[in-house]
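Enquirer: could you work out the structure for the sequence below:
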Amino acid sequence: MKALVNVRLGSSRLPGKVLKSFWNGKVALEILINRLSASTEIDEIIINTTTNPLDDKLVDFCKSNNLRYNRGSEDDVLSRMCDCVKKYNLDSFVEVFGDCPLIDPKIVTNLIKIFLNKNHDFVGNDMKTTFPPGFEVEVVKSSALLDSEELCNDPSIREHGTLYIRQNPDQYNLVNIEYSKKMDFLPHLTLDTIEDFNVINYLHEALTSTYGDFFDLEDLLSFISKNPSSVQGNAHIERKWKQYRDE
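Expert: Here you go, the predicted structure:
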């Protein structure tokens, strides 16, 4: 299956964040792509970015790394995703967000297998927050996405891609996968701010040195349980996504 990575450089909190270099000299987007590529169900990764000239650097990145890409609306993410689906003739796809460099390929593989086993329109783990933010994965049937583009006229909903699908369980066959363990504290591992970068960069170095490049969520949570101070640096940051999902 193809993976579609929605990404842009015009972040208000941390501009250019996905091209920011980690401890090992690799940029955040490169780390994400390497980890995502480790999923046994992913055969190609497509970068879905915007027509904003700021994102010319992302196109250069794609060309340097032999990645296909699409460019579309900066604000209308639903439209941009539909353009990409049509451009590459995708029947279904995995959506991963560009600000999730620690994405777990095992979670990606598991959700794809669940999607393929039944006639689902959407399988994700982000309709309710049980996985740590930064590990969001969505598997989407393209016909459902294209249908939602026709039906959704609210720019504030279209800005969030699959949000219309997620908000309409009466129209679409939705499955949300919850994490198997109850956690009292969910570390925030999405790259939104400089505090996030410092936490994620530290964790990536510590876990890579112990488990190798493809440490998984269980490895990470085990490390955090033994080193709780490692995720306190960004715990105070207010998160915009909370209004769009259950907790």
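
Enquirer: what residue is smack in the middle of this protein?
Expert: What sits nearest the mean C-alpha location of the chain, by C-alpha atoms, centre = their mean, is residue 97, with 2.5 Å.

Enquirer: backbone dihedrals for that residue, please?
Expert: phi -90, psi 140 (degrees, to the nearest 10).

Enquirer: again with the one 5 residues further on
Expert: For residue 102, the backbone dihedrals are phi -100, psi 20 (criterion: degrees, to the nearest 10).

Enquirer: and for residue 21?
Expert: Main-chain torsions, residue 21, degrees, to the nearest 10: phi -80, psi 140.

Enquirer: test my guess that it contacts residue 27.
Expert: Yes. Assessed by C-beta atoms under 8 Å, residue 21 is found in contact with residue 27 at 5.5 Å. The way it works is simple: take the backbone N, C-alpha and C, and place the C-beta from them, glycine included.

Enquirer: would you say residue 123 is within a strand?
Expert: Yes. Counting by DSSP: H, G, I helix; E, B strand; the rest coil, residue 123 is located in a strand.

Enquirer: so it bridges to which residues?
Expert: residue 139, residue 175 (DSSP bridges).

Enquirer: still on that earlier bit, what sits against the residue nearest to the centre of the chain?
Expert: With contact taken as C-beta atoms under 8 Å, 6 or more residues apart in numbering, residue 97 is in contact with 5, 6, 7, 136, 190.

Enquirer: between its first and last residues, how far does stretch 69-83 reach?
Expert: 11 Å (C-alpha to C-alpha, to the nearest Å).

Enquirer: can you give me the buried ones in it?
Expert: 69-74, 76-78, 80-83 (16 or more other C-beta atoms under 10 Å).

Enquirer: nearest to residue 107 among those residues?
Expert: residue 81 (20.5 Å; C-beta to C-beta).

Enquirer: skip the chain neighbours and tell me the closest residue to the closest one.
Expert: residue 161 (5.4 Å; C-beta to C-beta, 6 or more residues apart in numbering).

Enquirer: all helices for this protein, in order.
Expert: Secondary structure of the chain (DSSP state H): helices located at 28-37, 56-64, 77-87, 105-117, 142-151, 155-158, 163-166, 194-211, 217-226.

Enquirer: which of residue 21 and residue 27 has more neighbours?
Expert: It is residue 27, of residue 21 and residue 27, that has more neighbours when counted by other C-beta atoms under 10 Å, with 17 against 12.

Enquirer: ok, now which ones touch the more buried one?
Expert: By C-beta under 8 Å, 6+ apart, the neighbours of residue 27 are 18, 19, 20, 21, 61.
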